[in-house]
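**Student:** With the input below, show me the fold.
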Amino acid sequence: MTTPKIKVAAVSYLNTKPLLYGIERSGLMNEMELVVDYPSMLAKRLQEGSIDLALLPVAAMSGIKDARIVSDYGIAADGNVVSVAIFSRVPVGEIKRVYLDYQSRTSVKLAQILLEKYWKQKVEYLQADEFYIDAIKGDTAGVIIGDRALMQLGNFEYVYDLSAAWKEFTGLDFIFAAWVANKQLPADFLKKFNAANAAGLNHLDEVIAQNPFPYYDLHTYYTKNIQFFLDEEKRNGLARFLELAG
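**Tutor:** Residues are numbered from 1 along each chain as shown. A predicted model of the protein is given here:
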C-alpha cells in the first residue's frame, strides 16, 4: 500500500522562491505534493484538511485548532520589508479610507493595528477587488503586498512600509508567514523539510537568475529586506502581534 503524500502549500510570491527552491530540489518531492494558492486561502485549506502543511500568514493561526509552527524558516523582516506597505497620494495623517488587500490577512491586520495604535488614525476600511490599485487616489490609500507592491514602489508619493512602522512602534521584528501544521507529521519528514528550506537560501544567485524582475533588486530583497530564519527575536515579535491582533 502506497503511503499518501504530504500536501504542502505555499504562495508563489517572489519572497517564497528561495525556500521553494530548496524544497523542490530535495528528495522530499517523493514524499510530498506542493501546491500554490493565495495566502488568504491557505488557512481555509489547512482547516478543512485538504493540505497538511502551509506557509501560513501568521494572523490565521489563532483561527485554526492545533495550529503550530513546525519549521525554523518563514517570511520575516527586521525593519523595511519593502513588499508590504500602505500606498497613498497623501501623508498618513490625511488618509480617510484604506483599501485592504484581499490576498493576505496578516498584512491587513498589521495595517489596522498600526493605523489605530501607532499613527492614531481613524479610517474607513474598504474591501479591495482585483482592480483596487487604480482606486487609490485623493485621501483613499491602500494596502498592497507581495510582488505587486514591489511593482508599485515608484508610482505613489507616499509608501508606508508596515514592517518598518512595526519596528518603530514596538522595537520588535515581524513574522509575516511561517510553516504551520495542525496535525502530527513525521518527525523525519519535518527534519528534512527544515534542511531543504535552509538549502534554498544557499542558492540565491540561481533563484534570482530564474526570476527576472526589473522593478526591484532581488539580491537586496533577499539579503536586506526579507529574513527567512525565525529566531527568538522574531518569535517575540509574533507573540506581540498575536496579542495585539486579539
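
**Student:** which residues does A181 bridge with?
**Tutor:** Beta-bridge partners of A181, counted by DSSP bridges, are L53, R68.

**Student:** With just CA atoms, put the lowest-mean-pLDDT helix or strand in the chain into CSV.
**Tutor:** Ranked by mean pLDDT, DSSP states H and E, the helix or strand of the chain with the weakest confidence is helix 39-48, at a mean of 87. Extracted C-alpha coordinates of helix 39-48, given in CSV (Å, rounded to 0.1, in the frame of the first residue of the first chain):
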residue,chain,number,x,y,z
PRO,A,39,-2.1,33.3,1.3
SER,A,40,-5.7,34.1,2.4
MET,A,41,-6.8,30.7,1.1
LEU,A,42,-4.2,28.6,2.8
ALA,A,43,-5.9,28.9,6.2
LYS,A,44,-9.2,27.6,4.8
ARG,A,45,-7.5,24.7,3.1
LEU,A,46,-5.4,23.7,6.2
GLN,A,47,-8.6,23.9,8.4
GLU,A,48,-10.6,21.7,6.1
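
**Student:** can you pull the buried residues of that helix?
**Tutor:** When neighbours are counted by 16 or more other CB atoms under 10 Å, the buried residues of helix 39-48 are found to be P39, S40, L42, A43, R45, L46. For every residue, glycine as well, the C-beta is placed using N, CA and C.

**Student:** Need those in JSON lines (columns: distance to M151).
**Tutor:** Output for the buried residues of helix 39-48, formatted as JSON lines (distance: CB to CB, whole Å):
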{"residue": "P39", "distance to M151": "18"}
{"residue": "S40", "distance to M151": "20"}
{"residue": "L42", "distance to M151": "23"}
{"residue": "A43", "distance to M151": "26"}
{"residue": "R45", "distance to M151": "27"}
{"residue": "L46", "distance to M151": "29"}
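
**Student:** Just name the closest of those to N182, please.
**Tutor:** The nearest member of these to N182, counting by CB to CB, is L46 at 5.8 Å.

**Student:** which one is the closest one nearest to, not counting chain neighbours?
**Tutor:** Closest residue to L46 apart from its sequence neighbours, by CB to CB, 6 or more residues apart in numbering: A54 at 5.0 Å.

**Student:** Now do the domain split for this protein, please.
**Tutor:** Listed domain ranges for the chain are 6-77+174-234, 84-170 (source: automatic domain parsing).

**Student:** now the last one, how far from the chain's geometric center?
**Tutor:** The one in question is domain 84-170. Put simply, domain 84-170 sits 15 Å off its chain's centre (CA atoms, centre = their mean, to the nearest Å).

**Student:** same question, the longest one
**Tutor:** What separates the centre of domain 6-77+174-234 from the centre of its chain is 9 Å, taken as CA atoms, centre = their mean.

**Student:** Find the centremost residue of this protein, please.
**Tutor:** Closest residue to the average C-alpha location of the chain: F176 at 4.0 Å, with CA atoms, centre = their mean.

**Student:** Tell me which other helices or strands the helix or strand hosting that residue touches.
**Tutor:** Take DSSP states H and E as the rule and F176 turns out to sit in strand 174-181. Applying 3 or more CB pairs under 8 Å, 6 or more residues apart in numbering; DSSP states H and E, one finds that strand 174-181 contacts helix 39-48, strand 53-57, strand 68-77, helix 105-113, helix 162-170, helix 232-245.

**Student:** got the angle for it vs helix 105-113?
**Tutor:** Between strand 174-181 and helix 105-113, the angle comes out at 150 degrees (axes from the mean of the first three to the mean of the last three CA atoms, to 10 degrees).
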